[in-house]
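[1] coordinates for the following, if possible.
(chains A and B, ligands or ions: 1)
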Amino acid sequence: MASINVLVCVKRAADVTGEVVLNADGTGLDGRYSGYAMSPHETAAVEIAVSLVEESGGSVTVLTLGDDDAVEQLRDALAVGADDAVHVEADSSAFGPTDVAAAIAEVVRARAASGTAYDLVLVGNDAADTGSFQVGIRLAYLLDRPVVAGVQQIAVSDGVATLHVGSAAGTETYEVGLPAVATVLEGGVDPRYPSIRGRMRAKKAPVEAVTPEVTPRGSGTLGLSLPPPTPNKVTVLGEGPGAAPAVVEVLRKIGVLS
Amino acid sequence: MSNVVLVLIEPDEGRVHLVSREALTFARPLAGQVQALMLGRVDEAVLADCREQGVAVVHEATDAELESYAAAAWATALERSLEASGAGIVLAGGTERGTEVLAHLAARRDLPMAANVLSVTSTDPLEVERQVAGGAVREQMRLDASPAVLTMAGHAVEASAAAAPGAAEHRPFTAGVSAADLRAQVKQVQARGGGDSSADLSAARVVVGAGRGAGSADGFSDVDALAQRLGGAVGVSRAVTSLGWRPHHEQVGQTGSRIAPDVYIACGISGAIQHWAGCSSSKTIIAINTDAEAPMMTKADYAVVGDMHEVLPALLEALG
Ligand SMILES: Cc1cc2nc3c(=O)[nH]c(=O)nc-3n(C[C@H](O)[C@H](O)[C@H](O)COP(=O)(O)OP(=O)(O)OC[C@H]3O[C@@H](n4cnc5c(N)ncnc54)[C@H](O)[C@@H]3O)c2cc1C
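    Numbers count the residues shown, from 1 in each chain, chains lettered A, B, ... in the order given. Here you go, the predicted structure:
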């Protein structure tokens, strides 16, 4: 089986699982208390890349665009098996989805010129913070490659990727010639945890720093706000099994039961 | 800016999908005229739904190559109907297909795109409010482009009939799909096993949900039974799919489906913001949880404090 080179793009985003805090001027999320993480989709993309290369040989490169702290997310990916990393040094808040795609395309072209051609480029379906759903598709057009969105599993054989996408109808299968781009959705694979050896290796693994040439157009963001709190309107129907008749009564009242 | 809004609509069992009907309702106040594009056969039931939504023109791409889904081919059809309509805004519901095809269009035309839009706050300049961070945050965004490319957050508005019906003039056309458009095309669809009521959570009228409180993969029998009894679908939290108890397509939330049923019965689900983002459009929420202070319990319309494994059997019995 021919070996393949995979590039996985991940993003450092404020963890929004708990309380969400905006920065002072309302232009971004403040993760100083909540912490930062890569989104679940990107975690799944790293897993897909690492297992593909375990099977067929080749390399996994992980890339992030962001400030110096974003190297933490690169090390997370290196700890679970990525071979090397590219840090595109930039203020990610100034970069819209078009700019990020352009910066990634620059790296793909530069690496191809220096001998590493990426057969597959994986990005998350949408980032946990900005949720703009476009980077992978814009990147595919910049590189003139086919792209499949919402992918949950990938197998590669003889220069063809077989990609599985879960949809309302069932599982859709695509067969796409390489090189290609895919945007990954969580749920198809079980991301591994880093071993102690993996963590040690990640500390020493190479991270190449590059400066993007693209002049960012930005994202069009005017400001952020928190949604109004949900009014507390709850009616407690009771405790335990004894509340069952009251639930039936509600179902009847709202017309779900005739 | 042209005052035509072009809406990409999707089918659902011969009709216009609920999410697409919502997008048409959303488009009306923005438009002098709403036009729609459907990939796949436009029959009388679809035209009737479009008429009710006040749609003036329904474009139908007839290329045989469009039968099996390829996002780039759909985008080509969308480009052709965009040229025909001269639309100033292109809109779709925020489904997988809607989001993917509109992102292709935005990439081809080098246009900005806003996903998960809740409302248009200004039309000149075009400014929108959209959901980000899984619904935890709202972003105000400006799009200095024509056409502007927008997807609507699932269930941001309720589908309603237009004051006056539209002509829904049926206009079939050939998009002229290229070989490059078909490089990534669905080769095969493996349908879910029969009796899977979760096939389309986003349009289900009743959803019975369960979270980590189900306790194990075996802890869903009463949840399944209740969904079946009420003619609804099962929806789960991410904790459940991460643990491998249920498949990902049943997940409700930021990284799952957005639901808007008449009733959502949420059992053993804490109601984290990412889950809430997917279920907050439910008309009525009934929460069953051992913890009376869980966010789901305080945000719901009705709450039952108790163990789901005791409450659900009693409920099934009471339903007879
Ligand atoms: C980027 C990102 C995206 C995410 N996307 C999603 C998403 O799409 N959907 C989603 O759901 N989550 C999502 N999450 C995860 C989310 O933050 C929560 O972790 C998750 O929703 C918790 O699931 P849960 O409520 O089932 O589990 P828990 O938070 O563990 O809550 C279990 C609840 O069950 C109750 N309980 C326990 N036993 C019983 C019993 N026997 N009877 C009744 N009640 C009982 C407990 O009191 C508790 O309230 C996302 C997180 C991130 C970071």
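
[2] ranges for the helices of the chain?
    Picking chain A for this. Here chain A has its helices, by DSSP state H, at A:40-56, A:71-79, A:97-113, A:135-143, A:196-204, A:244-253.

[3] not quite, I wanted chain B
    Going by DSSP H, chain B shows helices at B:18-27, B:44-52, B:71-85, B:96-109, B:221-229, B:238-242, B:273-279, B:295-299, B:308-319.

[4] from the middle of its chain, how far away would the third one be?
    Between the centre of helix B:71-85 and the centre of its host chain there is 21 Å, according to C-alpha atoms, centre = their mean, to the nearest Å.

[5] what helices and strands are in contact with it?
    Counting by 3 or more C-beta pairs under 8 Å, 6 or more residues apart in numbering or on different chains; DSSP states H and E, the packing neighbours recorded for helix B:71-85 are strand A:147-157, strand B:4-9, strand B:33-39, strand B:57-61, helix B:96-109, strand B:169-173. The C-beta positions use only the backbone N, C-alpha and C, and glycine is treated the same way.

[6] I'd like those written out as CSV, with distance to residue A:44 and mean neighbour count added.
    Putting the helices and strands packed on helix B:71-85 into CSV (distance: least, C-beta to C-beta, whole Å; neighbours: other C-beta atoms under 10 Å in any protein chain shown) gives the following:
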stretch, distance to residue A:44, mean neighbour count
strand A:147-157, 7, 23
strand B:4-9, 27, 27
strand B:33-39, 29, 26
strand B:57-61, 33, 24
helix B:96-109, 16, 25
strand B:169-173, 39, 14
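
[7] residue numbers of the stretch 1-150 of chain B in contact with chain A?
    Applying C-beta under 8 Å from any C-beta of the partner chain, one finds that the stretch 1-150 of chain B approaches chain A through B:69, B:71-72, B:96, B:99-100, B:103-104, B:106-108, B:110, B:112-116, B:127, B:131-144.

[8] quick one on the thing from earlier: among the helices of chain A, which is nearest the ligand?
    Between the ligand and these, the shortest gap by C-beta to the nearest ligand atom is with helix A:40-56, which sits at 5.2 Å.

[9] return the set of buried residues in that closest one.
    If you call a residue buried by 16 or more other C-beta atoms under 10 Å in any protein chain shown, then helix A:40-56 has these buried ones: A:40-53, A:56.

[10] how about stretch B:147-162?
    For stretch B:147-162, a neighbour-count test (16+ other C-beta under 10 Å) marks B:147-157, B:159, B:162 as buried.

[11] of those, which belong to strands?
    B:148, B:149, B:150, B:151, B:152 (DSSP state E).

[12] of those, which is the nearest to the ligand?
    Proximity of these to the ligand was ranked by C-beta to the nearest ligand atom; the top entry is residue B:151 with 17.4 Å.

[13] ok, now which ones touch that closest one?
    Taking C-beta atoms under 8 Å, 6 or more residues apart in numbering or on different chains, we find residue B:151 in contact with A:133, B:91-94, B:98-99, B:102, B:113-117.

[14] neighbours around the residue in chain B that chain A sits nearest to, how many?
    Closest to chain A within chain B is residue B:248: 2.7 Å, counting by C-beta to the nearest C-beta. Using other C-beta atoms under 10 Å in any protein chain shown, residue B:248 has 21 other residues around it.

[15] now it. Nearest residue, chain neighbours left out?
    Using C-beta to C-beta, 6 or more residues apart in numbering or on different chains and skipping residues adjacent in sequence, the residue nearest residue B:248 is residue A:187, 2.7 Å away.

[16] related to what we said a few turns ago, show me which of the buried residues of helix A:40-56 neighbour the ligand.
    Among the buried residues of helix A:40-56, the residues lying close to the ligand (C-beta under 6 Å from any ligand atom) are residue A:40.

[17] could you pick out which of the buried residues of helix A:40-56 are near chain B?
    Within these, those near chain B by C-beta under 8 Å from any C-beta are A:40, A:41.

[18] doesn't residue B:112 make contact with residue B:144?
    Yes. Counting by C-beta atoms under 8 Å, residue B:144 does reach residue B:112; the two are 7.4 Å apart.

[19] quickly list what's touching both of the two.
    In contact with both residue B:144 and residue B:112: residue A:220, using C-beta under 8 Å, 6+ apart.

[20] looking only at neighbour counts, state which of the two leads.
    For residue B:144 versus residue B:112, neighbours defined as other C-beta under 10 Å are more numerous around residue B:112 (23 against 12).

[21] what residue ranges in chain B score low on pLDDT?
    B:1, B:193-199 (pLDDT under 70).

[22] residues from it in reach of the ligand?
    Residues of chain B lying near the ligand (C-beta under 6 Å from any ligand atom): B:134, B:211-213, B:237-240, B:251-256, B:268-270, B:272, B:274-275, B:278, B:288-291, B:294, B:307-309.

[23] just the buried ones from the residues you listed?
    B:134, B:211-213, B:237-240, B:251-256, B:268-270, B:272, B:274-275, B:278, B:288-289, B:294, B:307-309.

[24] let's see which of the residues you listed end up in strands.
    Filtering those for strands - DSSP E - leaves B:288, B:289.

[25] any idea how far residue B:212 is from residue B:239?
    4 Å (C-beta to C-beta, to the nearest Å).

[26] can I get the helices of chain B in TSV including distance to residue A:32?
    What follows is those, written out as TSV (distance: least, C-beta to C-beta, whole Å):
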stretch	distance to residue A:32
helix B:18-27	37
helix B:44-52	49
helix B:71-85	39
helix B:96-109	31
helix B:221-229	39
helix B:238-242	25
helix B:273-279	18
helix B:295-299	23
helix B:308-319	37
